[in-house]
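K.L.:
how does the following fold in three dimensions:
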Amino acid sequence: MKAILFDRFGGTEVLHEADIEVPQPGPGQIRVRVRAAGLNALDGKIRSGALEAMFPTPFPSVPGGELAGVVDALGEGVRDVKVGDEVLGWSDTGSYAQYALATTVAPKPAGLDWQHAVALPVASDTAERVLNLLGVAAGETVLMHGAAGAVGTLAVQLAAARGARVIGTAGTANQDYLASLGATATLYGEGLVERVRALAPDGVDAVFDLAGKGALEDSITLRGGTERIVTIADLGAHQLGITFASGSPQERSATRLAALAQDAATGKLVTTVTAYPLDQAATAQQVSDAGHVRGKLVLTVD
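P.N.:
Here you go, the predicted model:
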């Protein structure tokens, strides 16, 4: 099968196309003919070697942690899906490929296309997990740094659905986008503390950092301490006494993903995607590495 892989750490130049063996599902696994693969900032950090201590990487390695596609084969003991089902979920093997293995998947609604389906697994799981960690509740104000990306797009909407007010930071080009999602938008950078205090005179109840670019110090100032601040992007969080949230496969919920997929299919939940063909994975990761992405980057697989 065709796949994108890397066999050494480095920039996007280490990514290349190759023909590799089709994976075989083990007990409890399914094999999926991938139609779309999700691209996450984590992919680039793993490729660079920056997270080798956290995510040991055997070479050669196929990137990608989420997929949408058609069930192609079943491993021993699989009863809840059948060959031919259209699914979305988390990949056990790299999803930048024509085929990948998976354990946790949800049905893809007929009204949801492949690209928008694959925008959901990682982003929705991350958003929901952090909102739960922060204990976000109705009537509260949440500050989200870098809210226009894949996780932020869903986190803004999920927080609003809880009855919270969201103040979201982004660049000039994404101010209207955040407002369309239901957030109060403001610019990041110098003067942020003053801008947020003007928008929320009574203070912010929680902070969700999705940017990872020096926003934690301002967050501590706005919260008056480190309580109820969580980051998914700033690797220096522990030095400041702030929680760095990283998920685990045990926390993934196919039931929750199925419900969100239905919401996305009916338009209740908005997803925004920019798609690249699989053979342009390096270009897509360059865009991801640069930041300031609106919504989700995805790879389409023939």
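K.L.:
contacting residues for Ile242?
P.N.:
Leu216, Ser219, Ile220, Thr226, Ile229, Val230, Thr231, Asp234 (CB atoms under 8 Å, 6 or more residues apart in numbering). No exception for glycine: its C-beta is placed from N, CA and C like everyone else's.
K.L.:
name the residues of stretch 103-122 that are buried.
P.N.:
103-109, 112-122 (16 or more other CB atoms under 10 Å).
K.L.:
buried residues, stretch 153-161. List them.
P.N.:
Of all the residues in stretch 153-161, those buried under the rule 16+ other CB under 10 Å are Thr153, Leu154, Ala155, Val156, Gln157, Leu158, Ala159.
K.L.:
before we move on, which element is the first one in?
P.N.:
Read it as Thr153. Using DSSP states H and E, Thr153 falls within helix 150-161.
K.L.:
show me which of the contacts of Ile242 are buried.
P.N.:
With burial judged by 16+ other CB under 10 Å, the buried subset of the contacts of Ile242 is Leu216, Ser219, Ile220, Ile229, Val230, Thr231, Asp234.
K.L.:
and Gly236, how many neighbours?
P.N.:
12 (other CB atoms under 10 Å).
K.L.:
actually Pro27, sorry about that
P.N.:
Neighbour count of Pro27, defined by other CB under 10 Å: 9.
K.L.:
now Leu257: closest residue in space that isn't a chain neighbour?
P.N.:
Ala106 (4.1 Å; CB to CB, 6 or more residues apart in numbering).
K.L.:
name the residue closest to the centre of this structure, please.
P.N.:
Residue closest to the average C-alpha location in the chain (CA atoms, centre = their mean): Ala123, at 3.2 Å.
K.L.:
any idea which of the buried ones among the contacts of Ile242 is closest to Ala245?
P.N.:
Nearest to Ala245 among those is Val230, at 5.1 Å by CB to CB.
K.L.:
do I have it right that that closest one meets Leu133?
P.N.:
Yes: contact status for Val230 versus Leu133: in contact at 5.4 Å, counting by CB atoms under 8 Å.
K.L.:
shared neighbours of those two, anything?
P.N.:
Thr243, Ala245.
K.L.:
whichever strand or helix holds the residue nearest to Leu257: what's the following helix or strand?
P.N.:
In the assignment (DSSP H and E), Ala106 maps to strand 99-107. Where DSSP H and E defines the elements, the next helix or strand beyond strand 99-107 is helix 114-117.
K.L.:
so how far is stretch 104-121 off the chain centroid?
P.N.:
Centroid separation between stretch 104-121 and its chain, computed with CA atoms, centre = their mean, to the nearest Å, is 14 Å.
K.L.:
narrow the buried ones among the contacts of Ile242 to those in helices?
P.N.:
Leu216, Ser219, Ile220 (DSSP state H).
K.L.:
distance of the second one relative to Thr300?
P.N.:
This means Ser219. Distance of Ser219 to Thr300, given as CB to CB, to the nearest Å: 37 Å.
K.L.:
cool, Val118 as well?
P.N.:
For Val118 relative to Thr300 (CB to CB), the value is 9 Å.
K.L.:
ditto for Gly94
P.N.:
Using CB to CB, Gly94 is found at 16 Å from Thr300.
K.L.:
looking at these two, which one has more neighbours?
P.N.:
For Gly94 versus Thr300, neighbours defined as other CB under 10 Å are more numerous around Gly94 (24 against 16).
K.L.:
got the contact list for the closest residue to that one other than its chain neighbours?
P.N.:
Nearest residue to Gly94, sequence neighbours excluded (CB to CB, 6+ apart): Val62, at 2.6 Å. For Val62, the contacting residues are Ala3, Ile4, Leu5, Ile20, Thr93, Gly94, Ser95, Tyr96, Ala97, Ala100, by CB under 8 Å, 6+ apart.
K.L.:
7 Å instead, please
P.N.:
Ala3, Ile4, Leu5, Thr93, Gly94, Tyr96, Ala97 (CB atoms under 7 Å, 6 or more residues apart in numbering).
K.L.:
count of neighbours near the last one?
P.N.:
This points to Ala97. The burial count for Ala97: 27, using other CB under 10 Å.
K.L.:
quickly note the distance from the nearest residue to it once chain neighbours are set aside to Ser288.
P.N.:
Spatial nearest neighbour of Ala97, excluding adjacent residues (CB to CB, 6+ apart): Ala3 at 3.6 Å. Distance, Ala3 to Ser288, by CB to CB: 19 Å.
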